[in-house]
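Q: What would the 3D arrangement of this be:
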Amino acid sequence: MKEKRSKTVKLNRKLRMGMVGGGPGAFIGDVHRKASVMDGGIELVGGAFDIKPSKSKQMGRELYLDPGRVYRNYEEMIERELRLSPEERMDFVSICVPNNWHFAIARDFLNAGFHVMCEKPMTFSSREARQLVKIVNESGKVFGLMHNYTGYPMVKLARDIAHHGGMGKIRKIVVQYPQGWLSTLLEKTGQQQASWRTNPEESGASCCVGDIGTHAENLAEYITGLKMTHICADLTTFVKGRELEDDGNCLIRYDNGARGVLHCSQISIGEENGLAIWIYGEEKALEWHQEHPNYLYVKVPDGPVQVWRRGNDYVGNVSPAAARATRLPFGHPEAFFEAMANVYCNFADTVRAKMTHTKPDPLALDFPTVEDGLRGMLFLATVLASANSKQKWTKMRK
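A: Reported below is the predicted structural model:
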């Protein structure tokens, strides 16, 4: 297999990353740390890892960081990093905290002159999301949103086939994201991930749709390039004693006239992380499953199902973006960590271009941005409005 990965621009050092969140017991922060350094172009130099200073210090020790760059809170982190020389201070921050903190932390780091990578959903509300779009545009800094499923090579292949592969007009999109981990009142046991995701003060007005439904929305729009225009939503809280919904079902209308179904659930017993999508065009159909991410199924009306397999040259010939996102030859599976690393790689290459005043490779611009974050929050707001409305269809704001 030909080597197809390349760096956009040379910078004679690694990018220096700081992190807010990702303390002891955190799930996604640890994934961010491992994924960000996978390609050797980023190093973690410090952070404010927990709302409790003692736990932040503990995390710093576990990561063998300089104790002087392990901070009590993100405000101290900004202040003390700015005191360092440009040759020492961090270049960007990775935000891995509950949703209620995203906006303030992103805003303050951007205003202080740092680039930002943020976990999804981007903000606590669509109002905050609109404000953040303005702040990012005014700052001139690079903002990345961690919708890591866009980093899979076969998702990028699906996008390029959907756009240029002779599918014809897209007619229908079915996207699902079932999980079963919240089928009981897990948050009452002290389980950290369940506790904050089901708490409206930290998660926001939604649990299931905000946590995983936004991934389904983003995947559908990323692959097809279509925009949702109207939603008919039904939300349910099945587990007694839970404050937020744990199951969501939506009918979708898209801007080209296509119809869609979006289903997300966290009470589907036996399901692990079943994100999957089916896209039906006039000439072809596509199918992809996150739990088997190295395969894309292409269907035609008068022939057998084609199985496109990651790492083969025929994939790269159709999709340079998929080739760029591929590290290993065919038959050597790549998955969750690598997908997130691909988002970091493109984000980092764009930051390097910004820092060296050069034009980034167009392929390096292939990562979710603040505009995608706004789309996610508008989707969430529309779902909530629809679920509380007696009307059949609720229009999605632009």
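Q: Would you map the strands across the stretch 251-398 of the chain?
A: 259-265, 276-281, 285-289, 295-299, 306-309, 394-395 (DSSP state E, counting those that start in this stretch).
Q: From the contact counts, what lies against the first one?
A: In this case it means strand 259-265. Judged by 3 or more C-beta pairs under 8 Å, 6 or more residues apart in numbering; DSSP states H and E, the packing partners of strand 259-265 are strand 170-178, helix 214-224, strand 247-254. C-beta: built from backbone N, CA, C; applies to glycine.
Q: Pick the most buried one from those.
A: Most buried of the helices and strands packed on strand 259-265 by mean neighbour count (mean count of other C-beta atoms under 10 Å) is helix 214-224; its value is a mean of 24.
Q: Buried ones in the lengthiest helix in the chain, by neighbour count?
A: The single longest helix within the chain, with elements called by DSSP state H, is helix 336-355. For helix 336-355, the neighbour count (16 or more other C-beta atoms under 10 Å) marks 336, 338-354 as buried.
Q: Convert the C-alpha atoms of stretch 103-119 to PDB, please.
A: Output of stretch 103-119 as PDB, limited to C-alpha atoms (Å, rounded to 0.1, in the frame of the first residue of the first chain):
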ATOM      1  CA  PHE A 103     -18.900  27.800  26.300                       C
ATOM      2  CA  ALA A 104     -17.100  29.800  29.000                       C
ATOM      3  CA  ILE A 105     -13.900  27.800  28.800                       C
ATOM      4  CA  ALA A 106     -13.800  28.000  25.000                       C
ATOM      5  CA  ARG A 107     -14.600  31.700  25.000                       C
ATOM      6  CA  ASP A 108     -11.900  32.600  27.500                       C
ATOM      7  CA  PHE A 109      -9.200  30.600  25.800                       C
ATOM      8  CA  LEU A 110     -10.100  32.000  22.400                       C
ATOM      9  CA  ASN A 111     -10.000  35.600  23.800                       C
ATOM     10  CA  ALA A 112      -6.700  34.800  25.400                       C
ATOM     11  CA  GLY A 113      -5.300  33.900  22.000                       C
ATOM     12  CA  PHE A 114      -5.300  30.100  22.100                       C
ATOM     13  CA  HIS A 115      -6.700  27.700  19.500                       C
ATOM     14  CA  VAL A 116      -9.400  25.300  20.800                       C
ATOM     15  CA  MET A 117     -10.500  21.700  20.400                       C
ATOM     16  CA  CYS A 118     -13.800  21.100  22.200                       C
ATOM     17  CA  GLU A 119     -15.900  18.100  23.000                       C
END
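Q: Please enumerate residues in contact with that stretch?
A: Stretch 103-119 is contacted from outside by 18, 20-21, 28, 32, 74-75, 78, 81-82, 90-97, 102, 122-124, 128, 131-132, 135-136, 139, 141-146, 344, 347, 351, 354, 373, using C-beta atoms under 8 Å, 6 or more residues apart in numbering.
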